[in-house]
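**Student:** Sequence and predicted model, in that order:
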Amino acid sequence: MNDTATATAPVGAGEVGLADMRRRIKAILIGSIGNLVEWYDFYAYAAFALYFAKSFFPDGDELAQQLNAAVLFSAGFLARPFGGWLFGYLADRFGRRLSLMLSVLLMCMGSLTIAVTPTYETIGVAAPIILALARIFQGLSLGGEYGASATYLSEMADQKNRGFYSSFQYVTLIGGQLCAIIVLLVLQQFVLSPADLKAWGWRIPFAIGGMLAIFAAVMRSGLHETDSFKASKAKGEKGGSLKKLLVEHPREVLLVIGMTMGGTAAFYTYTTYMQKFLRLSVKLTDIETTMVTAGSLILALILQPIYGAISDHIGRKRLLIGFGLCGTLFTIPLLTALRETHSAFTAFLLIGCAWMIVSGYTSINAVVKAELFPAAVRATGVGLPYALTVSIFGGTAESVALYFKSVGHESWFYYYLTGCICVSLFVYIFMRDTKKTSAIEC
């Protein structure tokens with residue numbers, strides 16, 4: 001009898017452990033798919049701006065039109081801090097699942113609005129105004145999505161592999177932009193002529209995004225709530241208090257701002273701005289620009305879980321310092337060499353080198369922020385200061401770069417980006433390693 005008990009007990013424990021792992025992986029996959037859809041919707045604007053800018057901003061040359069479109073792209077980021085607070089509050093007070101469902105539905109509204117908005121030729125100045133409102137909807141949604149999804153993925157992952165699993169937030173984030181680029185490539189090469197793409201074909205990706213967002217909302221309705229949130233509610237804690245966040249965790253809030261500054265500026269340089277940089281500065285053709293952009297995003301996507309897994313072994317801090325140090329030393333040489341090349345393959349290699357640096361931040365920034373805060377204010381603590389910093393340094397990266405180019409000093413942006421990364425480097429050096437001091441208890 002003793003032998004039987006000894007033999008069966010481990011099997012039962014193993015089955016429970018396997019079931020728990022399956023539950024966590026399923027939740028992470030569903031949460032990640034919703035994240036991918038949201039970022040696809042948001043990035044479709046950047047991917048197709050080269051084609052619809054003239055429809056909303058008919059005056060000026062191509063650079064002026066792209067600058068106007070980039071300013072509206074930045075407008076979406078101005079709404080992100082409000083989204084970070086609103087959906088962070090909902091996630092901390094009423095649950096991560098509800099916040100994730102509502103954020104993707106709001107993204108659906110923004111995408112469908114862009115898909116059906118008449119052009120400037122039809123309704124005049126009302127066209128760019130409606131476009132701006134749609135971008136604000138998307139900005140609110142995405143501001144809430146980051147904090148809620150970073151919190152959800154970090155809480156659903158087991159402690160041993162938290163860096164690996166949480167890295168899938170940026171896998172799907174980058175995947176969303178890659179999907180937008182793939183849709184652009186398919187439309188460019190197999191479906192529409194350049195004239196049709198500029199006339200009306202640019203509406204297609206936004207219509208697709210709106211429908212996908214509805215699908216993602218349905219999937220998220222079946223998500224399991226996290227153990228961390230349940231434990232917080234069981235203790236009687238009222239989540240989402242902004243006062244509690246700022247009074248009890250000011251250091252952590254400042255850490256999120258400092259560590260995000262350089263990382264977000266670099267990320268948006270090598271994603272949203274890079275497509276314009278390749279087209280307007282490197283002078284690649286439309287197809288070359290799309291192929292190089294897609295190839296570099298695929299590489300970035302592959303790097304995220306690798307770096308995340310590395311952080312589970314060596315800690316988060318070393319990866320962040322590696323990004324900060326290499327970004328400070330090599331950003332100017334990389335961007336200078338990229339501007340001077342006219343080879344698509346060389347451009348891909350240079351951007352690939354940049355991604356090997358930037359992934360030290362992107363792969364683990366979500367889990368690092370989540371590990372700073374207790375469950376009752378975690379989504380708000382992650383989402384609000386992050387969204388505020390992104391709106392200042394991330395969303396404006398493209399506008400700043402295009403402005404410097406428009407006044408004949410494009411290289412000034414390289415120094416600006418290097419300065420942002422250098423500031424974050426000092427934060428990384430003096431912060432603690434959150435893998436060793438994580439506030440995530442469940």
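**Tutor:** That came through, no problem.
**Student:** contacts and neighbour counts: CA atoms only from here.
**Tutor:** Fine.
**Student:** any idea which helix or strand carries the closest residue to Gly419 other than its chain neighbours?
**Tutor:** Leaving aside its sequence neighbours, Gly419 sits nearest to Thr328 (CA to CA, 6 or more residues apart in numbering; 7.4 Å). Counting by DSSP states H and E, the element that carries Thr328 is helix 316-340.
**Student:** go on, Phe373?
**Tutor:** Here Phe373 is covered by no helix or strand, with elements defined by DSSP H and E.
**Student:** and it, what does it touch?
**Tutor:** Phe373 is in contact with His249, Glu252, Gly381, Val382, Ala439, Ile440, counting by CA atoms under 8 Å, 6 or more residues apart in numbering.
**Student:** want to throw those into CSV with pLDDT, distance to Leu18 and neighbour count?
**Tutor:** What follows is those, written out as CSV (pLDDT from 0 to 100; distance: CA to CA, whole Å; neighbours: other CA atoms under 10 Å):
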residue, pLDDT, distance to Leu18, neighbour count
His249, 94, 36, 16
Glu252, 95, 35, 20
Gly381, 93, 32, 33
Val382, 93, 30, 33
Ala439, 87, 25, 15
Ile440, 86, 21, 20
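**Student:** And the helices in the stretch 251-400 of the chain?
**Tutor:** Across the stretch 251-400 of the chain, reading from the start of the chain, the helices by DSSP state H, counting those that start in this stretch fall at 274-280, 286-314, 316-340, 344-362, 365-370, 378-389, 397-406.
**Student:** got these as a markdown table, with distance to Gln177 columns?
**Tutor:** A markdown table is the format used below for these (distance: least, CA to CA, whole Å):
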| stretch | distance to Gln177 |
| --- | --- |
| helix 274-280 | 11 |
| helix 286-314 | 8 |
| helix 316-340 | 21 |
| helix 344-362 | 14 |
| helix 365-370 | 18 |
| helix 378-389 | 19 |
| helix 397-406 | 15 |
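**Student:** give me the number of residues near the residue nearest to Gly419?
**Tutor:** Taking other CA atoms under 10 Å as the neighbour definition, Thr328 ends up with a count of 21.
**Student:** And for Lys243?
**Tutor:** Here the number of neighbours of Lys243 (other CA under 10 Å) works out to 9.
**Student:** before we move on, what about the one 3 residues further on?
**Tutor:** Look at Leu246: counted by other CA under 10 Å, it has 15 neighbours.
**Student:** do Thr122 as well
**Tutor:** Thr122 is surrounded by 12 other residues when neighbours are defined as other CA under 10 Å.
**Student:** Let me see the contact set for the nearest residue to Cys326 once chain neighbours are set aside.
**Tutor:** Taking CA to CA, 6+ apart as the measure, Cys326 lies nearest to Ile357, with 6.4 Å between them; neighbours along the chain are not counted. Ile357 is in contact with Gly322, Phe323, Cys326, Gly327, counting by CA under 8 Å, 6+ apart.
**Student:** Same question for Ala309.
**Tutor:** Asn161, Gly163, Phe164.
**Student:** ok, the closest residue to the second one other than its chain neighbours to Ala266 distance?
**Tutor:** Leaving aside its chain neighbours, Gly163 sits nearest to Gly308 (4.6 Å; criterion: CA to CA, 6+ apart). Separation of Gly308 from Ala266 (CA to CA, to the nearest Å) stands at 18 Å.
**Student:** which SSE is the most centrally placed residue in the chain in?
**Tutor:** When CA atoms, centre = their mean is applied to the chain, the residue found nearest the centroid is Leu173 (4.7 Å). For Leu173, the element it lies in under DSSP H and E is helix 168-186.
**Student:** which residues touch that helix?
**Tutor:** Contacting residues not belonging to helix 168-186 are listed as 32-33, 35-41, 43-44, 47-48, 149-150, 153, 205, 287, 290-291, 293-294, 297-298, 300-302, 304-305, 362-363, 366 [CA under 8 Å, 6+ apart].
**Student:** Does Pro374 touch Ser438 like I think?
**Tutor:** No. In this structure, Pro374 sits apart from Ser438 without contact. The criterion is CA atoms under 8 Å, and the distance is 9.1 Å.
**Student:** Who are the contact partners of Leu297?
**Tutor:** Counting by CA under 8 Å, 6+ apart, Leu297 makes contact with Ile174, Gly175, Gln177, Leu178, Thr271.
**Student:** Could you report the distance from the last one to Ala157?
**Tutor:** Computed with CA to CA, the distance linking Thr271 and Ala157 is 27 Å.
**Student:** before we move on, back to that, more neighbours, Gly308 and Ala266?
**Tutor:** Each of Gly308 and Ala266 has its neighbours counted (other CA under 10 Å); Gly308 has more, 29 against 26.
**Student:** so where's this protein shaky on pLDDT?
**Tutor:** Under the criterion of pLDDT under 70, the regions of the chain flagged as low confidence span 1-17, 19-20, 59-64, 66, 73-74, 442.
**Student:** Please repeat the previous calculation with a cut-off of 80.
**Tutor:** Counting by pLDDT under 80, the chain contains low-confidence ranges at 1-35, 38, 42, 46-47, 49-50, 54, 57-77, 237, 395, 441-442.
**Student:** follow-up on the earlier one: which residue of Pro374 and Ser438 possesses the greater neighbour count?
**Tutor:** Here Pro374 and Ser438 are set side by side on neighbour count (other CA under 10 Å), and the busier one is Pro374, at 20 against 17.
**Student:** Now the more buried one. Its backbone dihedrals?
**Tutor:** Pro374 adopts backbone torsions of phi -70, psi 160, taken as degrees, to the nearest 10.
**Student:** ok, and the closest non-adjacent residue to it?
**Tutor:** Ala439 (5.5 Å).
**Student:** cool, and Leu319?
**Tutor:** Gly360 (5.0 Å).
**Student:** returning to what we had before: quick check: angle from the helix holding Thr328 to helix 344-362?
**Tutor:** Interaxial angle, helix 316-340 versus helix 344-362 (axes from the mean of the first three to the mean of the last three CA atoms, to 10 degrees): 160 degrees.
**Student:** wait, isn't Val368 in contact with Arg316?
**Tutor:** Yes. Checked against CA under 8 Å, the pair Val368 and Arg316 is within contact range at 7.1 Å.
**Student:** which residues do these two both contact?
**Tutor:** Common neighbours of Val368 and Arg316 (criterion: CA under 8 Å, 6+ apart): Thr434, Lys435.
**Student:** thinking again about what came up before, was I right about the residue nearest to Gly419 contacting Ser424?
**Tutor:** No. Because the distance of 9.7 Å does not satisfy CA under 8 Å, Thr328 is recorded as not touching Ser424.
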